[in-house]
Structures are given as C-alpha cells and as structure tokens.
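Chemist: Quick one: sequence plus predicted model below, questions after.
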Amino acid sequence: MLHYLKGTPKPLWKSYFSSKKEQDYIRQDITTIIDTYINKTPRLYSDDAVHAAFKQNKFDAVIVGSDQCWRPKYSPNIYTYYLDFLKDNKDIKKLAYAASFGTDDWEYTEEQTVDVKSPMFLLNRKSDVKKILEDERMASASFLTNALSI
C-alpha cells in the first residue's frame, strides 16, 4: 500500500510472494538445491585466485553473470568475465546467465572493443552454443548460431 501512496511501483518480485514467511520458505528451498547440487568455490578476488582455482579443481561448467558483469567500469580485468583464461579448454562448458553491459553508453576502450569482437571470442561463443543445442538435438542450432553472429 505504501508504494501506491508514495507513487512508486511495487517491486515485481514481491508480488509473487504474499508474505515474508513464503519468501523465506522459497529462499530456503533454493538454498537447499544450491547447497546439494552445486559445488562452489569460495569468493575469488583476483585473477591469480581464479587461475589457481581452475588448476586445483575440476569444473564441468563455468557461469558468468549476472547484471553488469561485462561492464569494464566494475572490473579490474574485463577479459576474465569473457573467460579468456579458458579459451583453450574445450572440456568446460562456458555459460552466461543474465549477463549485460548495464549501460546504454559504450565503456570499452578501443583495444577492448577490438579484442571482444575478435574471432577467438566470437567463435568460442558460437561453437559452444551450437554444441549445446546439437547435444540437446535441437533442429534450430544453425539458425541460432547464425543469429548470434555479430
């Protein structure tokens, strides 16, 4: 009600859950699923820590995300969020979840722009998507990989 009185929209996520008790219950379920099925590293705060984690552990997949992860303003090394350190590793699936630049203004330097448009970045993304789709026997793999071309 306060949102209406103040003239601000009610946050969408709150409209799905009627009470804090329900929100806590759902959060508990999500936490249980994550804790049971997803092995996580501790937080990694440097490129060296990221590289060490990949040398010390075996990963099936890496997920990059979410909002504004590809925004150089917030990253000391933007290439880490493009998984450049895994470019030669074909065994690890590379995924982006809700990844974005987070702004309408282009913040990349000229060098970064050239790098992220390079064939290495584009081909890896296209071939990963195509392989995932083909693995799932989706007939539209070639259509989607063509649509992802820049």
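Modeler: Received the coordinates, thanks.
Chemist: partners of the host helix or strand of V62 in the sheet?
Modeler: Assigned by DSSP states H and E, V62 belongs to strand 61-64. Partners of strand 61-64 in the sheet, by DSSP bridges, are strand 93-96 (parallel).
Chemist: Send me the following helix or strand past the strand it pairs with as PDB with only the CA atoms.
Modeler: Using DSSP H and E, the helix or strand that follows strand 93-96 in sequence is helix 110-116. In PDB, the C-alpha atoms belonging to helix 110-116 read as follows (Å, rounded to 0.1, in the frame of the first residue of the first chain):
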ATOM      1  CA  GLU A 110      39.200   0.900 -28.400                       C
ATOM      2  CA  GLU A 111      41.600  -2.100 -27.600                       C
ATOM      3  CA  GLN A 112      38.900  -3.900 -25.500                       C
ATOM      4  CA  THR A 113      36.400  -3.400 -28.300                       C
ATOM      5  CA  VAL A 114      38.700  -4.900 -30.900                       C
ATOM      6  CA  ASP A 115      39.500  -7.800 -28.500                       C
ATOM      7  CA  VAL A 116      35.900  -8.800 -27.700                       C
END
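Chemist: Show me which positions of helix 110-116 end up buried.
Modeler: 115-116 (16 or more other Cβ atoms under 10 Å). All C-beta atoms are positioned from the backbone trio N, CA, C, and that covers glycine.
Chemist: neighbouring contacts of stretch 52-62?
Modeler: 41, 44, 83, 85-86, 92-95 (Cβ atoms under 8 Å, 6 or more residues apart in numbering).
Chemist: list the buried ones in that stretch?
Modeler: 54, 62.
Chemist: hmm, back to that, of the contacts of stretch 52-62, grab the buried ones for ChimeraX.
Modeler: Typed into ChimeraX, the line below selects the buried ones among the contacts of stretch 52-62, using 16+ other Cβ under 10 Å:
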select :83,86,94
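Chemist: Looking at the contacts of stretch 52-62, point me to the pair that's furthest apart.
Modeler: L44 and K93 (18.7 Å; Cβ to Cβ).
Chemist: so where's the chain uncertain?
Modeler: 1-18, 119-150 (pLDDT under 70).
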